[in-house]
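Participant: what follows is a predicted protein model with its sequence.
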Amino acid sequence: MRRSSTKFIIGTGVFGLSLLDHVTRTRPSDEVIAFDSGEKESAVNDSYKITRSLYTSARRTEIATGNHRKWMTIPRLSKYCERIGRIEITDDVDKLDAIDANLPTPRERHTEQSIEELLSTQTLSARECRCFEFAASLLKTANDPSLCCLWNEDNAVIDWNLCIDEIRKPLRSKIRQAKVNILVVGKGGLIREIHLEGGDIIPVREEDEVCLAAGAWTEEILKNSVITTPLKKLRCVGVFTFHLKLTDLHWDYIRDLPALSFQTKDMNCRFSSPPALKILISKRRISTGSDKRGGG
C-alpha cells in the first residue's frame with residue numbers, strides 16, 4: 001500500500017476489519033476509511049465460530065494449521081478461543097483418505113463396536129468417555145455400517161462476538177456506517193468515485209487505494225458497477241447467522257460436548273433428550289393437556 005494515499009475499505013467483516021486493524025497498527029499516520037453496510041445477516045455477526053485445520057487440500061491444510069496455531073497462541077486472540085474438539089461422522093471414505101494424505105499419521109476411524117471396546121479397555125478421562133459415548137449413541141441411532149466416526153481433538157470454538165467487539169472498539173473512529181452501492185471506474189480502469197446509499201459520493205484520487213471486502217455482497221456491488229473480472233465465473237457466498245435459544249437444562253447437557261459434523265446426505269439422526277429434559281417435557285404436556293386452546 002502507498003503511504004501517501006487514502007485507503008478505502010468496503011466492508012468490515014473479518015477481512016475488512018483485519019485489514020483496517022493492520023493498517024492502523026502499522027501505519028498510524030495514514031488516512032483509512034472503512035464502510036460498514038450494517039447488514040445484520042453478515043457472517044461477522046455470528047455468535048461463535050469453529051476453527052479447524054484438516055482439509056483435503058494440502059495447501060489449505062497448511063494455511064489453516066498456521067491460522068489455528070495463531071488463534072491458540074496469540075494472547076489477543078487465544079483468550080476467546082477454547083479447544084473443544086469435533087466429532088465427525090461420515091461415509092465419505094475418499095474424503096477421509098484425502099485428508100489423511102496430508103497428515104504424518106492417519107486418524108483413527110471408529111465404529112460403534114470399536115468405541116465400545118475403547119470405553120471398556122482403556123483408561124479415558126471423564127470428558128473423553130462423555131464424547132465417545134455421545135458418538136456411539138449417534139452411530140447406533142443411524143444404524144448404518146458404512147458410517148465411521150473420528151474425533152478431531154484440535155478443533156476449537158471462538159467467542160466471536162466478544163472478539164470482534166474488542167477489535168472494533170479502537171477502530172470506530174475510522175468506520176463509517178454507510179452502504180456502498182456503486183463503484184465508478186474512470187480512465188485506466190481506476191476507481192474514481194464511491195457512491196453510497198442515500199446519494200453521497202466519495203471522490204477517489206489516482207493515488208488512493210480501494211479494497212473491496214464485502215463478502216457475500218461483492219458480486220452485487222460489481223454487478224451494479226458494471227465491473228467485470230478476468231474470472232470466467234465469480235460466485236461470492238456468505239454463511240448466514242441463525243440463533244438457538246437454549247434453557248439452562250439444555251446448556252448443562254451439551255456444554256461439555258464437542259462440535260459435531262455430519263457429512264452424508266442419507267443420514268438422519270435424532271438426538272436423545274437427557275432424562276431430566278424428558279421429565280420436563282412430560283410435565284409440560286400434562287400441565288397443558290387440559291388447555292382448550294391446544295397448547296403444548
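Facilitator: Cool, got the structure.

Participant: mind listing what the residue nearest to residue 111 when sequence neighbours are not counted touches?
Facilitator: Nearest residue to residue 111, sequence neighbours excluded (CB to CB, 6 or more residues apart in numbering): residue 148, at 6.0 Å. Any C-beta I mention is one placed from the backbone N, CA and C, and that applies to glycine too. Residue 148 makes contact with 89-91, 93, 96, 109-111, according to CB atoms under 8 Å, 6 or more residues apart in numbering.

Participant: tell me the contacts of the residue nearest to residue 12 when sequence neighbours are not counted?
Facilitator: Spatial nearest neighbour of residue 12, chain neighbours left out: residue 36 (4.3 Å); criterion: CB to CB, 6+ apart. Residue 36 makes contact with 11-12, 175-178, according to CB under 8 Å, 6+ apart.

Participant: nearest to residue 24, of these?
Facilitator: Among those, residue 175 lies closest to residue 24 (CB to CB), at 10.8 Å.

Participant: may I have the beta-bridge partners of the closest one?
Facilitator: Going by DSSP bridges, residue 175 is paired in beta bridges with residue 34.

Participant: got a list of what it touches?
Facilitator: Shown in contact with residue 175 (CB under 8 Å, 6+ apart): 12, 20, 34-36, 168.

Participant: by neighbour count, which of those wins?
Facilitator: Counting neighbours by other CB atoms under 10 Å, residue 12 comes out on top of the contacts of residue 175 with 29 neighbours.

Participant: need the max-distance pair from the contacts of residue 175.
Facilitator: 35 and 168 (13.8 Å).

Participant: with distance to residue 190 added, can I get the contacts of residue 36 in JSON lines?
Facilitator: Below are the contacts of residue 36 laid out as JSON lines (distance: CB to CB, whole Å):
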{"residue": "11", "distance to residue 190": "20"}
{"residue": "12", "distance to residue 190": "23"}
{"residue": "175", "distance to residue 190": "24"}
{"residue": "176", "distance to residue 190": "21"}
{"residue": "177", "distance to residue 190": "26"}
{"residue": "178", "distance to residue 190": "21"}
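
Participant: alright, that wraps it up for me.
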